[in-house]
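A.B. asks: Kindly generate the corresponding structure for this input.
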Amino acid sequence: MRSRIFVMALICGLIPFANASAEEIKINAEATLTGQLVDVQGEKAKFNEYRDIHSGFTGDAGFQYEREKYYLDFTAQDVGRKDQSYELLGGRWGSFRYDFRYDELPHNFTTNAKTYNTGFGGANLTYTPQPPSTFLPNTNFATWNSFDYTVERKNYGGGFKLDMLKPFFFGASVAREERRGIYPIGTAGTSPGGIALELPAPVNYLTDTLRLEAGYLKNPLSLTLRYTYGQFQNDNSNLNFRNPATANTAATTDSFTLPPDNDFYKFDFKGALKLPWNSKFNADLSYGRNESSRTLLNSYVTDTTAALSNIGVQGQRGVFLSNNVFNGKMDIQNYNLALTSNPLYWLDGKVFYKYYQTHNKSTEITSTDPSPNPLGATQTVLDNEERLFDYLTYKYGAQLGFKLPMSFHLNAAYTRGHISRKREDIPRNDDDLYEAGVRWSGVDFMVARAGYERLHRKADFEPPTVTDPADAAQIENYMRRFDGAAKDQDTWKAYLDFFPVEDLTFSVGYKWRDTRYKDTTLGLQSWTGNEWHVDADYLIAKRVRLFGYYDFEYGKLNQFERTFTSGTNANPGLAPTTTAFNWTVTETDRNHAYGLGADVYAIPKKLTFTFQYSYIKSRGFADYTYLRTFVAGDAGRNNDNIDIDNLDNYSLSYYLAKATYNPMKSLAFSVGYAYEKYNYDDAQYNGYRYVPGLTGSSAALLSGAYANPDYRANIVFANVSYLFF
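C.D. replies: Numbering: from 1, shown residues only. Below you'll find the predicted structure:
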């Protein structure tokens, strides 16, 4: 398939050049062949998370052809690898142009994962009970099946644009994205909670996109109308698996829903008009619709013990659905308007308005849960009155820039924003954002910048709709999501770029942000962040170039939470117990990265040595405090030993030594060595076990996803590159 695409592309590109022999022709081409030996100790998937580096050969190529107004440009990178890419551009200047593209990109999660299931990679997972009388899988993970968590993406695309009918133009393009592989998903074996299961889910996605456009371009007006249609297909609508938590016969299976097929279309209009006073008006308007349909599951966990559903599927926690087919339909509107102007040399400005709205026209589904529910027996999944997931946001504002005496430039801006959500647990928001910045360039060797930003957000929470006032008060305490909560946020930043001599550049910057949440009864209370960076580059006597950087980030957040079981224990007003009490946590994150390097031009334009070193380290710490008196039932815990001092800690080191020799202008040889080391230290992953247990709160059957990501890699490489003129 890929070879046919590029053969046709080359034929199409060469047709206009059939009679080019009598005209001036320019041809440039370059080819690079690279061979390397790669030794990876540890998790190869983490080393190659979004790339494909392994022992063997690869190459890059480029080809450019010009003849009068015709042109052809072809590039290929990492040929033969799973992250390879190709691009062909061609056409006639001012008349038409075309392009063909192909690229691949892997996403590697984990190699040598393990599962007790058979049928992984497909939509049906099962296992043989060991021993048969228990109906549980074999817990000896050494005998489990091995596989890789990886997803490979392939993109194909091409397009054609006609410009010769000026001032009008027309264009069309098509694209296809394929995704194939296995990725991990987690689910609870029972509801609520219960044994945790980690399952290998299949990825067999296909997305096709068609785009048509037409427009008009002639000063002072430009107009573009575009239509986009996309179709997503998934070969597997459900992942069916035998559930060890509820299996009491060999025939029992459960299901996990996977992304459904869907269709999408969108109309875009873009326009721009140049106006007097060095002004310009821009408009970007669009309307789109996304549709899908699927059959719903009607139980939380399937079993054969009781028939609790009205549509024929038995369930341990069944639900009565008003309709077992969900037809999703979402309309999206987006408008962006802007007027920019520079009426005076010392004044420029911009006013803008942005509007975005989603309107949910999906099937109304209601469910009845026969089990006790704090929100009542009947729970509406989608209500036509409220239109769950409807979303509206708009912003408007103005920006002004002033050129002041003594080489000062001042910027000021104000933005008013509004967000409205059709949900009770997330409020309406109104934002006031103020910005100011100043830049000074009064001397030739330095530029200084400073800025301030103030965000004031108001939130309007609606009370929950429940029948019991006690339940309403209880639930309200837990409905203060920080992403929609009222807050005040201040941000300061300052930067200095310094270049005292021709071959020396130096820059330093600092940013401070402080966020205070005003009505989060529980959850995130505040967040403070600091960022520093330093960059330097120095060329000594045209023979040695030294460069380096240092970045440091420090963040601290504070949370207030409550542990509770159920019923009255969830009331924050009661005296604390060992299972129902308030607690706080202060989490700090420190990240620093630095790099050093040198290019040594031993023989200018002939022999160059390159040395590089970089290091990244992140350290997290969680300081917990229980707001109650510790008792004998706490098993020795206290506020000093409940902290987590290895919270998402990691480090990454990289070394490179390389020599490049150019015996002639068109030929280059390189040899080198690279070393990379990654270490991960986190309390949740340390001491990883495939089977933590089959009873209790830690019961789980895991597959090894993301476990033990440490690796060390040694790479020796050599390449030769030749430039054809």
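
A.B. asks: so who does the nearest residue to residue 639 once chain neighbours are set aside touch?
C.D. replies: Of all residues not flanking residue 639 in the chain, residue 625 sits nearest, at 5.2 Å (C-beta to C-beta, 6 or more residues apart in numbering). Any C-beta I mention is one placed from the backbone N, CA and C, and that applies to glycine too. By C-beta atoms under 8 Å, 6 or more residues apart in numbering, the contact set of residue 625 is 583, 584, 585, 639.

A.B. asks: Bridged to residue 625, which residues?
C.D. replies: Beta-bridge partners of residue 625, counted by DSSP bridges, are residue 584.

A.B. asks: Closest one to residue 227 out of the contacts of residue 625, please.
C.D. replies: Proximity of the contacts of residue 625 to residue 227 (C-beta to C-beta) peaks at residue 585, which lies at 50.7 Å.

A.B. asks: how many neighbours does the closest one have?
C.D. replies: 16 (other C-beta atoms under 10 Å).

A.B. asks: and what of residue 210?
C.D. replies: Neighbours of residue 210 using other C-beta under 10 Å come to 14.

A.B. asks: Test my guess that it contacts residue 174.
C.D. replies: Yes - assessed by C-beta atoms under 8 Å, residue 210 is found in contact with residue 174 at 5.5 Å.

A.B. asks: I figured residue 293 hits residue 329, correct?
C.D. replies: No - taking contacts as C-beta under 8 Å, residue 293 lies outside contact range of residue 329: 9.2 Å.

A.B. asks: which stretches of the stretch 1-150 of the chain form strands?
C.D. replies: For the stretch 1-150 of the chain, the strands defined by DSSP state E, counting those that start in this stretch cover 25-42, 56-67, 70-77, 85-92, 96-115, 124-125, 145-162.

A.B. asks: got the CA coordinates for the third one in PDB?
C.D. replies: The C-alpha coordinates for strand 70-77 follow below in PDB (Å, rounded to 0.1, in the frame of the first residue of the first chain):
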ATOM      1  CA  TYR A  70       7.700  23.700 -11.400                       C
ATOM      2  CA  TYR A  71       9.100  22.100  -8.300                       C
ATOM      3  CA  LEU A  72       9.300  18.800  -6.500                       C
ATOM      4  CA  ASP A  73      10.400  18.200  -2.900                       C
ATOM      5  CA  PHE A  74      10.700  14.700  -1.400                       C
ATOM      6  CA  THR A  75      12.000  13.900   2.100                       C
ATOM      7  CA  ALA A  76      12.300  10.600   4.000                       C
ATOM      8  CA  GLN A  77      13.400  10.200   7.700                       C
END
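
A.B. asks: got the angle for it vs strand 56-67?
C.D. replies: On the basis of axes from the mean of the first three to the mean of the last three C-alpha atoms, to 10 degrees, strand 70-77 is oriented at 170 degrees to strand 56-67.

A.B. asks: For strand 70-77, give the mean pLDDT please.
C.D. replies: Taken as a whole, strand 70-77 has an average pLDDT of 96.

A.B. asks: just stretch 613-623 next, same as before
C.D. replies: Mean predicted lDDT for stretch 613-623 stands at 97.

A.B. asks: Just the buried positions in it, please.
C.D. replies: 613, 614, 616, 618, 619, 620, 621, 622, 623 (16 or more other C-beta atoms under 10 Å).

A.B. asks: Just name the closest of those to residue 80, please.
C.D. replies: Distance to residue 80 across the buried residues of stretch 613-623 (C-beta to C-beta) is lowest for residue 614, with 27.9 Å.

A.B. asks: Do I have it right that that closest one meets residue 651?
C.D. replies: No - the criterion here is C-beta under 8 Å, and residue 614 misses it with residue 651 at 11.3 Å.

A.B. asks: And what about residue 201, helix, strand or coil?
C.D. replies: Three-state assignment for residue 201 (DSSP: H, G, I helix; E, B strand; the rest coil): strand.

A.B. asks: Would you mind measuring from it to residue 186?
C.D. replies: Distance of residue 201 to residue 186, computed by C-beta to C-beta, to the nearest Å: 10 Å.

A.B. asks: Show me which of those two is the more surrounded one.
C.D. replies: More neighbours surround residue 201 than the other of residue 201 and residue 186, with 21 against 14 (other C-beta under 10 Å).

A.B. asks: Just give the nearest non-adjacent residue to the more buried one, would you?
C.D. replies: residue 185 (4.6 Å).

A.B. asks: What of residue 440?
C.D. replies: For residue 440, the closest residue by C-beta to C-beta, 6+ apart turns out to be residue 448, at 4.8 Å.

A.B. asks: Does the one you found touch residue 409 like I think?
C.D. replies: No - the pair residue 448 / residue 409 is not scored as a contact, 10.9 Å apart, by C-beta under 8 Å.

A.B. asks: joint contacts of the two?
C.D. replies: Going by C-beta under 8 Å, 6+ apart, residues that sit against residue 448 and also against residue 409 are 439, 440, 441.
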